[in-house]
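S.K.: give the three-dimensional model of this entry:
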Amino acid sequence: MYFENVGGAVLGAVLPLLNIGARVPLCGLIAWYNLDKLPRGRPHTAAADDVLRQRVKVQGFIIYDHYQRTPAFRHDMSGWLQEGRVHYREELIDGLESAPQGLMGSCAGRTSASSSCVCLR
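M.R.: Take a look at the predicted model:
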């Protein structure tokens, strides 16, 4: 099983390594969102060949399919937060000029207190 949210070179590197019958929930392809033209490198036909040869099951997931569940989620989550059953950690980054370093630190695991969310204020 491989959870896909990036696309691009990451997906191209993973597909040939998947086991026969692998499952790929496809939630996003951020590397391709703003393309003007097809990327250089491994052609899309090779990716399709990997999916076919390895009999990979790919299923897309779009948030729009689940918006009707938002009120129930807010109700449940607010209760869990008040009860102390769910905890979150955040790190506040001061100033727009600090945003790139904050993002890079988050991606590299360098945020303080192992933050699960880095917020710009």
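S.K.: name the residues of the longest helix seen in the chain that are buried.
M.R.: Longest helix in the chain by number of residues (criterion: DSSP state H): helix 70-83. If you call a residue buried by 16 or more other CB atoms under 10 Å, then helix 70-83 has no buried ones at all. In this view, the C-beta of every residue, glycine as well, is placed from N, C-alpha and C.
S.K.: residues in contact with it?
M.R.: By CB atoms under 8 Å, 6 or more residues apart in numbering, the list of residues contacting helix 70-83 from outside reads Val86.
S.K.: please pull up the helix or strand immediately following that helix.
M.R.: Elements were assigned by DSSP states H and E; along the chain past helix 70-83, the next helix or strand is strand 90-93.
S.K.: so for that next one, what's the average pLDDT?
M.R.: In this model, strand 90-93 carries a mean pLDDT of 78.
S.K.: next helix or strand past it?
M.R.: Past strand 90-93, heading to the C-terminal end, the next element that is a helix or strand (DSSP H and E) is helix 99-107.
S.K.: so where's the chain shaky on pLDDT?
M.R.: Where the chain drops to pLDDT under 70, the residues are 41-43, 110-121.
S.K.: distance-wise, check the residue of it positioned farthest from its centre relative to Phe73.
M.R.: Ranked by distance from the centre of the chain (CA atoms, centre = their mean), the top residue is Glu83, with 28.6 Å. Noted for Glu83: a distance of 16 Å to Phe73, by CB to CB, to the nearest Å.
S.K.: ok, Pro25 next?
M.R.: Going from Pro25 to Phe73 by CB to CB gives 19 Å.
S.K.: thought Leu38 was touching Ala47?
M.R.: No. Using CB atoms under 8 Å, Leu38 is not in contact with Ala47, being 11.7 Å away.
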